[in-house]
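In: build me a model:
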Amino acid sequence: MANATKATQHRFLSRHVRRYVRICEDPKGRNKIVFANEMNPRLVCARRLSTSATPSSVAEGDTVIASGETNKDDNNNMDETRQEPKPDPPPRRRISKEKISEVLKAKHTLRWVEPVISSSATVREAIVTCIDFGLSGMMVVDRDNTISASSRERGRVLGMLTSRDLLRFLAKCLKEEKDSESIMQMKMSSFMTPLNQVIYARPDETIGQCRTVMSKLGIKCMPVLSQGRVEGLITQRDLSDYGTDAADRGGKKSYLVKSDRVGLSSNTSMAEPPVYLQAHLALEQTPLYTNIGVAALPHPFKTENGVGMNRRDHGPNDFCTDVSLSEDACFVTKVRLPDETSGMKIKDTIYMGVADGVGSWRQHGVDPRDFSHALMRECRDVLLEAAADSRRSRGNDNFNRAVSPSEILSQAYERVKAEDIIGSSTACVALFDGIRHQLHFSNLGDSGIIVLRHIDSEVAGSLKRNRKTPRSERKSDLRVAFVSQQQLKSFNHPYQLGWTGDEMSEEDRELTSFKSACDSCSSSIHVRRGDIIIMATDGLFDNVDIDDIAEIALEWETEIGLIEEGDIQAREQRWAMGDSKTILSQQTISGLADRLCDRARANSLNKDIDSPFAILAKENDIMWSGGMPDDCTVIAMHVVGMPASDDPEDKSMYSI
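Out: Numbers count the residues shown, from 1 in each chain. Sure, this is the predicted structure:
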């Protein structure tokens, strides 16, 4: 009978758990089920089997224990020997949610280097300090002007210097052919980033927030400000290193992983450009041109006596269409200036600009139009005088380059102040360089520039693809390639150039939104043939979403046949055959500017939409619905491969 029972047990085990257990007898003749695979003790729960708890195929009194366990005493037959349940693993750590203060602590614990340099230091000393201490940025301080006796607050902070600032300064001096020794002896205070332009982080902000700010603003180093003190500097490398341990960055294992990627063979060469870029690169050798159209509309409720807050204030009169009442101003002009890199070679250079006068001056008896209109007029005069001087002074090294947008703004601003014109205005000035396919600009306030470009989703990479609309439903791949950065003191309070009749101290300027031209956001954009560039005041951007601007531009392109059904390759083939449609673009580009102005006005009067202004107002705890009635000025530019006029001296299409 015993043998039959053992046979039954063996069949049961063979059928169910033979892979994991085996049966044997202990010295007292009792059957035991023992783990055969000691490496997997979780596969079978080990406990003494009772009559009520065992299958019919296991005899009463049989014992189930793990291999290596000692037998239990018969008096403890009812005791269970369950394995303790494992605790839940800790929640996954998200590095992006860590606070910046923790990054600073980790950085300073491993290595403390005070990221400061004296304002009296030279360029040579700054370069040596950056290299010797491995600094990407330093705070420039005045050692002789201490805020308090605390050792932690040694010297008043005057500004910030980064390695990028050093490179830009050196490049500028080399272009101006300055002596190398004189460059090395220059003081840093002449080219450091001033305090009012330093972008900072707060200790309670997260790594994710700082990465977003750095990415959007194109910076790689930020000071961490706490209670008026700079606690340290955070760089992109600090954020990356915080997620790894020292053991991960050093030791044999780290070296072996890195060693597979160190060193290039002697026959390494550069790969050919991707196929989808070859058509554009072929065009890089030829100059680009631009067709320009301008449109403007005043505030709809404006009259010669002022401006109404709403339709009730405006009365039964028609909406205003008299552009002379607008506080916006603009200019577009083409001048012939020397090319800074080709000696005395003269090239056509196109400049354009917009300004938006601040309407609140009307409350002080000042016409807001005076300042903005004078500023744009002086910008144009500066350019015309520079072109005349370059013709008279050919061979003189003082006239070997074009005038930068920031220089134009600076000179025009000084001239307006010299005329004692009271008021203030935002401003944006740009330079179109068709030889190098560049658009250089300087922007102060909430006017700005956007660039629209056809980007093929099949070759643009996953991050650049349009994921909102399925491919089968998309009409084209015209998307926003660039948006300029606006500068605001607070919501609906932009920075501006202004003049009150008296010079203001630096302390007083910090309390107002007045800035100088050197505080403007200056940058450069690489443009391509077929790009559409929109420069406008806030009357457009406050009322028309950027995606809607792109949609309006696409409608214009499609209607005149610049592109058909979003077929980028067909357009490039047409270009290769010499069919550029430049004349058609020149004749209709003003229509695009008109459409944008009309849409801005329609949206500004619509109370049932969430305009960009309304969305931003709600994000700042201000209840607002509908659009924002305002003056609107748009300069629309279409980048083409052939000039619309064969006469290089023809300026009529560019002068306003």
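In: tell me where the stretch 351-500 of the chain has helices.
Out: Remark: helices assigned in the stretch 351-500 of the chain by DSSP state H, counting those that start in this stretch are 368-392, 405-418.
In: which one, of these, ends up nearest to residue 498?
Out: helix 368-392 (7.3 Å; Cβ to Cβ). For every residue, glycine as well, the C-beta is placed using N, CA and C.
In: what pLDDT, on average, does the closest one get?
Out: For helix 368-392, mean pLDDT is 88.
In: and the angle for that helix with helix 405-418?
Out: Helix 368-392 runs at 120 degrees relative to helix 405-418, counting by axes from the mean of the first three to the mean of the last three Cα atoms, to 10 degrees.
In: just checking, what packs against helix 368-392?
Out: strand 328-338, strand 346-357, helix 405-418, strand 423-433, strand 497-499 (3 or more Cβ pairs under 8 Å, 6 or more residues apart in numbering; DSSP states H and E).
In: buried deepest among these, which one?
Out: A comparison of the helices and strands packed on helix 368-392 by mean neighbour count, using mean count of other Cβ atoms under 10 Å, puts strand 423-433 on top with a mean of 27.
In: strand partners of it, parallel vs antiparallel please.
Out: Here strand 423-433 has these sheet partners by DSSP bridges: strand 346-357 (antiparallel), strand 438-444 (antiparallel), strand 497-499 (antiparallel).
In: redo these as TSV? Include distance to residue 117.
Out: Formatted as TSV, the strands paired with strand 423-433 follow (distance: least, Cβ to Cβ, whole Å):
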stretch	distance to residue 117
strand 346-357	37
strand 438-444	28
strand 497-499	31
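In: out of these, which gets nearest to residue 637?
Out: strand 346-357 (7.6 Å).
In: quick one: the closest one to strand 328-338, angle?
Out: 160 degrees.
In: work out the gap between strand 346-357 and the centre of the chain.
Out: 25 Å (Cα atoms, centre = their mean, to the nearest Å).
In: bridged to residue 427, which residues?
Out: residue 355, residue 444.
In: quick one: residues contacting it.
Out: Neighbouring residues of residue 427 by Cβ atoms under 8 Å, 6 or more residues apart in numbering: 353-355, 372, 375, 409, 443-445, 447, 496-497, 520.
In: as JSON lines, these with distance to residue 435 would be great.
Out: Below are the contacts of residue 427 laid out as JSON lines (distance: Cβ to Cβ, whole Å):
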{"residue": "353", "distance to residue 435": "21"}
{"residue": "354", "distance to residue 435": "24"}
{"residue": "355", "distance to residue 435": "27"}
{"residue": "372", "distance to residue 435": "31"}
{"residue": "375", "distance to residue 435": "28"}
{"residue": "409", "distance to residue 435": "23"}
{"residue": "443", "distance to residue 435": "23"}
{"residue": "444", "distance to residue 435": "27"}
{"residue": "445", "distance to residue 435": "30"}
{"residue": "447", "distance to residue 435": "26"}
{"residue": "496", "distance to residue 435": "33"}
{"residue": "497", "distance to residue 435": "30"}
{"residue": "520", "distance to residue 435": "24"}
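In: now stretch 239-258: mean pLDDT?
Out: Throughout stretch 239-258, pLDDT has a mean value of 66.
In: for residue 141, find the nearest of the helices and strands packed on helix 368-392.
Out: helix 405-418 (26.5 Å).
In: which residues does residue 184 contact?
Out: By Cβ under 8 Å, 6+ apart, the residues touching residue 184 are 122-124.
In: if we use 10 Å, what do you get?
Out: If you count contacts by Cβ atoms under 10 Å, 6 or more residues apart in numbering, residue 184 has them with 122-127, 170, 173.
In: where in the stretch 1-150 of the chain is pLDDT low?
Out: For the stretch 1-150 of the chain, applying pLDDT under 70 flags the ranges 1-86, 88-93, 145-150.
In: which residue is nearest the middle of the protein?
Out: residue 216 (2.1 Å; Cα atoms, centre = their mean).
In: and that residue, how close does it get to residue 545?
Out: Counting by Cβ to Cβ, to the nearest Å, the gap from residue 216 to residue 545 is 18 Å.
In: right, and residue 624 touches residue 617 too?
Out: Yes - counting by Cβ atoms under 10 Å, residue 624 does reach residue 617; the two are 3.8 Å apart.
In: who touches both of those two?
Out: Contact criterion Cβ under 10 Å, 6+ apart; residues bridging residue 624 and residue 617 by contacting each: 492, 610-611.
In: rebuild those as JSON lines, extending it with pLDDT and neighbour count.
Out: Output for the shared contacts of residue 624 and residue 617, formatted as JSON lines (pLDDT from 0 to 100; neighbours: other Cβ atoms under 10 Å):
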{"residue": "492", "pLDDT": "87", "neighbour count": "16"}
{"residue": "610", "pLDDT": "90", "neighbour count": "14"}
{"residue": "611", "pLDDT": "92", "neighbour count": "23"}
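In: wait, which of these is closest to residue 603?
Out: Of all the shared contacts of residue 624 and residue 617, residue 611 has the smallest distance to residue 603: 5.6 Å, by Cβ to Cβ.
In: what's the neighbour count on the residue nearest to the closest one when sequence neighbours are not counted?
Out: Nearest residue to residue 611 in three dimensions, chain neighbours excluded: residue 627, at 4.3 Å (Cβ to Cβ, 6 or more residues apart in numbering). The burial count assigned to residue 627 is 25, neighbours taken as other Cβ atoms under 10 Å.
In: got the contact list for residue 627?
Out: Per Cβ under 10 Å, 6+ apart, neighbours of residue 627: 539, 542-544, 600-614.
In: so which of these belong to helices?
Out: Members of the contacts of residue 627 lying in helices (criterion: DSSP state H): 539, 600-604, 612-614.
In: residue 360: which of these is nearest?
Out: residue 539 (15.9 Å).
In: ok, that closest one touching residue 600?
Out: Yes - with contact defined as Cβ under 10 Å, residue 539 counts as touching residue 600 (5.7 Å).
In: mutual contacts of the two, please.
Out: Common neighbours of residue 539 and residue 600 (Cβ under 10 Å, 6+ apart) are 297, 627-634.
In: next, format these as CSV and append pLDDT.
Out: Below are the shared contacts of residue 539 and residue 600 laid out as CSV (pLDDT from 0 to 100):
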residue, pLDDT
297, 95
627, 92
628, 93
629, 93
630, 93
631, 95
632, 96
633, 97
634, 97
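In: out of these, the closest to residue 209 would be?
Out: Nearest member of the shared contacts of residue 539 and residue 600 to residue 209, counting by Cβ to Cβ, is residue 628, at 28.3 Å.
In: how about the nearest residue to that closest one, chain neighbours excluded?
Out: Spatial nearest neighbour of residue 628, excluding adjacent residues (Cβ to Cβ, 6+ apart): residue 613 at 4.0 Å.
In: residues in contact with that neighbour?
Out: Neighbour list for residue 613: 491-492, 538-539, 541-543, 603-604, 622, 624, 626-628, 630 [criterion: Cβ under 10 Å, 6+ apart].
In: kindly report the same for residue 359.
Out: Neighbouring residues of residue 359 by Cβ under 10 Å, 6+ apart: 299, 302, 306-307, 327, 368-369, 630-631.
In: swap the cut-off to 6 Å and go again
Out: The neighbourhood of residue 359, defined by Cβ atoms under 6 Å, 6 or more residues apart in numbering, consists of 327, 368.
In: confidence score at it?
Out: 89.
In: now residue 514
Out: For residue 514, the model assigns a pLDDT of 88.
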